[in-house]
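**Q** Provide a 3D model corresponding to the input given below.
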Amino acid sequence: MAWFVKQINKKNKGFTLIEMVVVMAIIAVLIAIAVPQVLRLINKSKVTADLSSAKAIATQIQQYMADGANVNLTDQQISSDPNLQSYIEQRINGGIPKIRFNSSWQWRVTANTTSEEVYVGVNPGGADSTTYWLFPEISPQNNNNPYWKYK
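**A** Numbers count the residues shown, from 1 in each chain. Here you go, the predicted model:
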């Protein structure tokens with residue numbers, strides 16, 4: 001009988017199964033809220049990096065034209081003009097930046113020395129893919145443009 005009284009009066013140490021389940025449920029709810037927000041912020045940072053890169057490329061193309069070079073590209077890759085590509089690679093630290101939002105995409109440029117227009121965008125590639133113009137912003141309300149979803 002003394003043993004039984006000792007067991008009843010003994011202070012319980014540790015957690016019960018119900019307490020553990022409640023804690024795990026709280027953690028699961030917090031994770032369910034946090035993960036989508038973190039993923040959205042990661043995509044937003046990639047979009048911001050690409051917008052910044054597009055502006056840097058456009059600035060270098062404008063400088064290239066100001067230095068007296070002629071450019072006539074219409075929705076083409078930067079590599080379509082080897083002199084322009086070399087000029088940009090030399091002046092942007094680390095060369096032409098990679099596209100962060102989707103690494104399989106490619107930079108596209110529309111530039112004309114006569115009209116002094118410069119547009120820089122990205123293209124997913126493929127036969128009928130659309131170029132998403134990042135600098136200057138063209139059709140930011142276009143719901144098909146994945147960049148504006150995270151802007």
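**Q** What strand or helix carries the residue nearest in space to the middle of the chain?
**A** Centroid-nearest residue in the chain, with Cα atoms, centre = their mean: Lys46, separated by 1.8 Å. Secondary structure from DSSP states H and E places Lys46 in helix 17-66.
**Q** can you give me the mean pLDDT across that helix?
**A** The average pLDDT within helix 17-66 is 95.
**Q** Can you name every helix or strand that the helix or strand following that helix contacts?
**A** Toward the C-terminus, helix 17-66 is succeeded by strand 72-76 as the next helix or strand (DSSP H and E). Counting contacts by 3 or more Cβ pairs under 8 Å, 6 or more residues apart in numbering; DSSP states H and E, strand 72-76 packs against strand 106-112. Where you see a C-beta, it was placed from the backbone N, CA and C, and this is true even at glycine.
**Q** What is the helix or strand just after the strand it packs on packed up against?
**A** Following strand 106-112 in sequence order, the next helix or strand is strand 117-123 (DSSP H and E). Here strand 117-123 touches helix 17-66, strand 106-112, strand 132-135, going by 3+ Cβ pairs under 8 Å, 6+ apart.
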